[in-house]
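3D model of this:
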Amino acid sequence: MLLSYFAYGLSIHSTIAIPEFIEAQSKNSDVKIDFQKNLNPLDYIPDTVINEPWCLWLTKEKTILYIKDTATFLVENGQEITIIPVSRVGEAELRFYLVGTVMSILLYQRGLLVLHASAVNINNHAVAFLGISGEGKSSTAAAFLTHGYNLITDDVAPVSFEQKPLTIIPSFPQIKLGQKTADILGYNFESLYFINPSNEKRGYRPRQGFDFAPLPIKRIYVLNTASEFSIEPIRPSEAVTEMYRHSRPTTLYHFGGESHFFQCVNLAKEYTIYRLNRPRNLELLPKLLEMVEADIASILQTTTV
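This next block holds a predicted model:
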């Protein structure tokens with residue numbers, strides 16, 4: 001039985017339930033996801049890597065992602081995902097990799113620039129927060145959600161170059177929160193969705209206010225730990241480097257090719273990228289939010305004058 005979903009601007013048909021994605025009714029699909037218990041992963045990966053934590057072979061046409069004790073994922077031509085699970089692995093653990101890392105590979109194959117970022121809707125524009133894992137992308141975005149802003153995406157932010165201004169394509173309505181972040185922002189951690197036994201975070205799924213349509217980019221911030229709060233522009237040459245190192249497949253230790261590099265160059269040409277300096281203190285998230293709100297308000301005021 002094929003289940004129909006919508007995520008990342010794509011119509012998706014799947015033989016596995018994906019409750020994170022948005023249920024949809026579509027006869028045609030952009031992407032097909034197939035769950036294959038009977039395939040042998042050793043037909044796709046060498047036995048020399050079977051005890052490695054993970055391995056990745058990546059091209060634009062075919063990618064093989066192996067996660068030890070979980071599954072082997074085959075991603076082909078930006079259109080098909082085949083999941084070969086390890087016996088007795090839970091579906092929640094499979095989906096943890098599927099909806100994030102695996103979909104980001106598929107989006108890269110489809111020609112999008114996939115930023116490792118979380119993004120929120122501020123005045124019908126996309127504001128993105130980039131950073132290395134653990135830098136606070138999700139926590140920052142969650143702080144905006146508690147103040148009435150809508151989520152665009154968490155962790156995987158696909159940028160479309162099809163029109164100007166450039167847009168970020170929404171993913172699906174879920175954001176990952178650790179217990180301390182949840183407590184400080186007023187979420188009941190125990191009521192959040194279980195994600196993965198190896199991950200301490202849980203998923204908050206906003207029931208309202210999720211944006212389905214791509215939104216024009218207004219601001220891109222690179223999160224940075226510092227002793228004081230400040231926002232500073234990054235020089236264009238350095239901005240290219242930041243876009244490159246905070247995008248797929250670079251974050252997966254793979255060279256994305258010439259087209260990926262020039263997408264980073266074009267993004268840095270189109271926008272001034274800013275470094276968002278702040279102390280790593282979750283209790284100061286309200287001050288961070290106020291600073292970003294003031295920065296965005298100053299842009300909008302300049303634009304309308």
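
Could you give the separation of the helix or strand bottoming out on mean pLDDT in the chain from the chain centroid?
One helix or strand of the chain scores below all others by mean pLDDT, DSSP states H and E: helix 285-304, with a mean of 86. Relative to its parent chain, helix 285-304 has a centroid offset of 23 Å by Cα atoms, centre = their mean, to the nearest Å.

for it, packing partners?
Secondary-structure packing of helix 285-304 (3 or more Cβ pairs under 8 Å, 6 or more residues apart in numbering; DSSP states H and E): strand 125-130, helix 137-145, strand 215-225, strand 230-233, strand 274-278. In this view, the C-beta of every residue, glycine as well, is placed from N, C-alpha and C.

and of these, who's closest to Ala268?
Ala268 lies closest to strand 215-225 among the helices and strands packed on helix 285-304, at 9.2 Å (Cβ to Cβ).

per-residue confidence averaged over the closest one?
Per-residue pLDDT over strand 215-225 has a mean of 97.

Could you check the angle that strand makes with helix 137-145?
120 degrees (axes from the mean of the first three to the mean of the last three Cα atoms, to 10 degrees).

And strand 215-225, what does it pack against?
Packing contacts for strand 215-225, counted by 3+ Cβ pairs under 8 Å, 6+ apart, involve strand 117-122, strand 125-130, strand 167-168, strand 274-278, helix 285-304.

Of those, which is nearest Thr146?
Nearest to Thr146 among the helices and strands packed on strand 215-225 is helix 285-304 (8.7 Å), distances taken as Cβ to Cβ.

what's next to that closest one, contact-wise?
122-123, 125, 127, 139-140, 143-144, 147, 184-185, 218-219, 221, 229, 231, 274, 276, 278 (Cβ atoms under 8 Å, 6 or more residues apart in numbering).

Throw together a PyMOL command that grabs the buried residues out of the residues you listed.
To isolate the buried ones among the contacts of helix 285-304 in PyMOL, judged by 16 or more other Cβ atoms under 10 Å, type:
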select buried, resi 122+125+127+139+140+143+144+184+185+218+219+221+274+276+278
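
so what's Tyr221 bridging to?
Phe129, Tyr274 (DSSP bridges).

about what we covered before: turn the helices and strands packed on strand 215-225 into a markdown table, columns for distance to Leu58.
Putting the helices and strands packed on strand 215-225 into a markdown table (distance: least, Cβ to Cβ, whole Å) gives the following:
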| stretch | distance to Leu58 |
| --- | --- |
| strand 117-122 | 20 |
| strand 125-130 | 21 |
| strand 167-168 | 23 |
| strand 274-278 | 29 |
| helix 285-304 | 34 |
